[in-house]
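>>> next come a sequence and a model predicted from it.
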Amino acid sequence: MAQTETKNDLGLLLGGGFVPQRTMAGGAGINFGASIAFSANYPRQLKRGNTSLFVEFPFVAEPSNSVQSSDGQSIVSLATIFVVPSRRVEFAPNAVISPWMGLR
């Protein structure tokens, strides 16, 4: 009986985002509040064997960071989105431990 191979995968994560205090060009300090970070990763397997090749699309969003600064011209909130398509090479995919390397 042949096994069906999974070529698609989906990973979902929930975490936190923290931006350290920064100093603006005028010398005023700026503080960013903590926010919730949502992350999804969709890898698609292109080649399978002793070495597997994947193309993946990781996505991270932090929808709301509050911003505090003594400078009245600074922003008051910040939202970020990152999408970084990449390739992943996985060595010994059928082994108990399977090392991999990401290529962006």
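Good, I have the coordinates. These numbers were taken from a predicted model, which means no experiment stands behind them.
>>> residues contacting the closest residue to residue 38 other than its chain neighbours?
Nearest non-adjacent residue to residue 38, counting by C-beta to C-beta, 6 or more residues apart in numbering: residue 61, 5.0 Å away. All C-beta atoms are positioned from the backbone trio N, CA, C, and that covers glycine. Shown in contact with residue 61 (C-beta atoms under 8 Å, 6 or more residues apart in numbering): 37, 38, 39, 79, 80, 81, 82.
>>> so the closest residue to residue 81 other than its chain neighbours is in which element?
Nearest residue to residue 81, sequence neighbours excluded (C-beta to C-beta, 6+ apart): residue 61, at 4.9 Å. Taking DSSP states H and E as the criterion, residue 61 maps to strand 51-69.
>>> what's the spacing between the residue nearest the centre of the chain and residue 96?
Taking C-alpha atoms, centre = their mean, the centroid of the chain lies closest to residue 60, which sits 4.7 Å from it. Per C-beta to C-beta, to the nearest Å, residue 60 is found 29 Å from residue 96.
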